[in-house]
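K.L.:
Sequence and predicted structure, then a few things I'm wondering about:
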Amino acid sequence: MSCDRLIVCLSIVSGLGLFAGPARAEGLPVEKVLPLSLATEAAQTALAACEKEGYHVSVAVVDRVGLVRILIRGNGAGPHTLDSSRRKAYTSASLRRSTADLVKLIEGRPDDEGLSNMNDQILILAGGLPVKAGEDVIGGIGVGGAPGGEKDETCALAGLDKIRDRLK
């Protein structure tokens with residue numbers, strides 16, 4: 001192949017976008033991250049709120065993809081509360097809404113019950129809240145072990161309220 005022919009071929013390939021140089025590279029996405037210090041503060045505050053009411057609970061805080069940042073089991077909390085708090089936090093982060101809202105959604109629209117079977121980590125019981133920085137969901141907090149999901153959610157909300165002003 002002659003040099004002229006090679007240049008023409010490269011020009012055609014380049015013009016079709018089949019040869020992408022550095023000018024066509026996309027920038028890396030920037031994501032907000034839930035710092036361990038804030039996750040810990042939220043978890044400890046949620047635990048204290050439940051303990052104040054006499055509830056023996058566990059609290060989990062996960063990052064945006066559902067990986068545990070912190071998981072604590074309060075004194076007297078059953079071992080099952082570790083799983084329920086973590087799964088509630090995961091569900092809130094993954095589905096980007098409170099688990100109480102998901103309970104209501106399924107009650108009102110039985111066709112959506114399949115949400116609870118998406119994977120074995122989903123747990124649709126009240127007590128999980130998404131952690132947001134602006135409109136971005138950067139994690140989830142879940143509480144398990146109080147006598148009723150609404151009480152779990154109240155404690156989770158106390159944890160979120162403690163750090164909310166720093167989630168920007």
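P.N.:
Cool, the structure landed.
K.L.:
For the rest of this, base every contact and every neighbour count on C-alpha atoms.
P.N.:
Fine.
K.L.:
Now the element after the longest strand belonging to the chain, going C-ward?
P.N.:
As assigned by DSSP state E, the longest strand anywhere in the chain is strand 136-144. Counting by DSSP states H and E, the next helix or strand C-terminal to strand 136-144 is helix 149-163.
K.L.:
Same question for the longest strand of the chain: list its buried residues.
P.N.:
Val137, Ile138, Gly139, Gly140, Ile141, Gly142, Val143, Gly144 (16 or more other Cα atoms under 10 Å).
K.L.:
got it, and stretch 142-160?
P.N.:
So stretch 142-160, judged by 16+ other Cα under 10 Å, has buried residues 142-146, 149, 151-160.
K.L.:
what kind of secondary structure is Gln44 in?
P.N.:
helix (DSSP: H, G, I helix; E, B strand; the rest coil).
K.L.:
any weak-confidence spans in the chain?
P.N.:
Where the chain drops to pLDDT under 70, the residues are 1-25.
K.L.:
now with 90?
P.N.:
By pLDDT under 90, the low-scoring segments of the chain are 1-26, 29-30, 106-118, 168.
K.L.:
What ranges does it have for its strands?
P.N.:
Ranges of strands in the chain, per DSSP E, are 58-63, 68-73, 128-133, 136-144.
K.L.:
any chance of these in a markdown table, plus distance to Gln121?
P.N.:
Listed next are these as a markdown table, based on distance: least, Cα to Cα, whole Å:
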| stretch | distance to Gln121 |
| --- | --- |
| strand 58-63 | 12 |
| strand 68-73 | 12 |
| strand 128-133 | 13 |
| strand 136-144 | 13 |
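K.L.:
Which one, of these, ends up nearest to Thr99?
P.N.:
Using Cα to Cα as the measure, strand 128-133 is the one of those that comes nearest Thr99, at 5.1 Å.
K.L.:
distance between the closest one and the chain's centre?
P.N.:
7 Å (Cα atoms, centre = their mean, to the nearest Å).
K.L.:
likewise stretch 118-129?
P.N.:
With Cα atoms, centre = their mean, you get 11 Å for stretch 118-129.
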